[in-house]
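[1] can't give you the sequence, but here's the structure:
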């Protein structure tokens, strides 16, 4: 995809997440909540807030990256369900949550959004998960 | 899109929603909660649970229908934000929520999922909204 020089990551996402790498369209982040393996894809398109702000070919690429990331996340976690959402009520920059859910996780079967508090990762667990995810997503 | 004769709408969605019509891929429903104008798109593909269960061209069509429906919903409601999500923790049939959010709605800025109870529509308000949505979505 064309590089959008005017795009920068929203500081709230930068603060709350670890960086995994860049797919052709999206920056891939891991949200720091050890309760749920939780990816966030951020299309590197300046000023995008809604999916319909993206051009048709860009939306198609976003769907491809969502599906591929969701499938990789399911494969490496063995989770029961993937939840996908673009909400943006608090952070307006367009971003897509891809969350691995288990029937024994703290929020099941409710949504994870608004289900505080986040549980910090241990440093070694975070490093191992980032390594596995980079491998599965082709970001290694 | 190819008609999938083995697909039927999940009874829980049928019970909770009013029917708007069929786009090329998805059945379009209105969830019966007058707190939020709330569409649900259900791809008419049997046994699909996750977005990666759909073939590439089908996913692309789903993204087009999501974006077009979201834009139409924003236009006719004048809402502040659209929320889009495929969750499926309780109803496994793949379905996509497209929800018009306002900064003065009961759940803002939290998610609508798990924010009970639903508020029933008055009959005439429901009929008017269905008519407007069918027009905006080209289902009239």
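    Arrived safely, thanks for sending. Keep in mind that what you see is a predicted model, and the values were worked out from it rather than measured.
[2] helix or strand for the residue sitting nearest the centre point of chain A, which one?
    With distances taken as C-alpha atoms, centre = their mean, residue A:40 lies nearest the centre of chain A, 1.5 Å away. According to DSSP states H and E, residue A:40 maps onto strand A:38-43.
[3] re earlier: ok now do the residue nearest to the centre of chain A, which residues does it touch?
    By C-beta atoms under 8 Å, 6 or more residues apart in numbering or on different chains, the contact set of residue A:40 is A:13, A:17, A:28, A:29, A:30, A:31, A:95, A:96, A:97, A:98. The way it works is simple: take the backbone N, C-alpha and C, and place the C-beta from them, glycine included.
[4] got TSV for these, with distance to residue B:61, secondary structure and pLDDT too?
    Below are the contacts of residue A:40 laid out as TSV (distance: C-beta to C-beta, whole Å; DSSP: H, G, I helix; E, B strand; the rest coil; pLDDT from 0 to 100):
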residue	distance to residue B:61	secondary structure	pLDDT
A:13	29	helix	98
A:17	31	strand	98
A:28	25	strand	98
A:29	28	strand	98
A:30	30	strand	98
A:31	29	strand	98
A:95	23	coil	98
A:96	18	strand	98
A:97	22	strand	98
A:98	20	strand	98
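[5] Could you single out the nearest of the residues you listed to residue A:133?
    Taking C-beta to C-beta as the measure, residue A:133 lies nearest residue A:30 of the contacts of residue A:40, at 6.6 Å.
[6] Setting aside sequence neighbours, what's the nearest residue to the closest one?
    Of all residues not flanking residue A:30 in the chain, residue A:18 sits nearest, at 4.6 Å (C-beta to C-beta, 6 or more residues apart in numbering or on different chains).
[7] again with residue A:92
    Closest to residue A:92 by C-beta to C-beta, 6+ apart is residue A:49, at 5.3 Å.
[8] I'd like to know how far that neighbour sits from residue B:82.
    Between residue A:49 and residue B:82 the computed distance is 9 Å (C-beta to C-beta, to the nearest Å).
[9] Could you do residue A:126 as well?
    On the measure of C-beta to C-beta, residue A:126 and residue B:82 end up 32 Å apart.
[10] angle of the biggest helix by length in chain A against strand A:38-43?
    Using DSSP state H, we find that the single longest helix of chain A is helix A:56-77. Angle, helix A:56-77 to strand A:38-43, by axes from the mean of the first three to the mean of the last three C-alpha atoms, to 10 degrees: 160 degrees.
[11] Can you tell me the element the residue nearest to residue A:92 falls in?
    Short version, using DSSP H and E: residue A:49 is in no helix or strand.
[12] Over to residue A:18?
    With DSSP H and E as the test, residue A:18 turns up in strand A:17-22.
[13] likewise residue A:85?
    Element membership of residue A:85 [criterion: DSSP H and E] is strand A:81-86.
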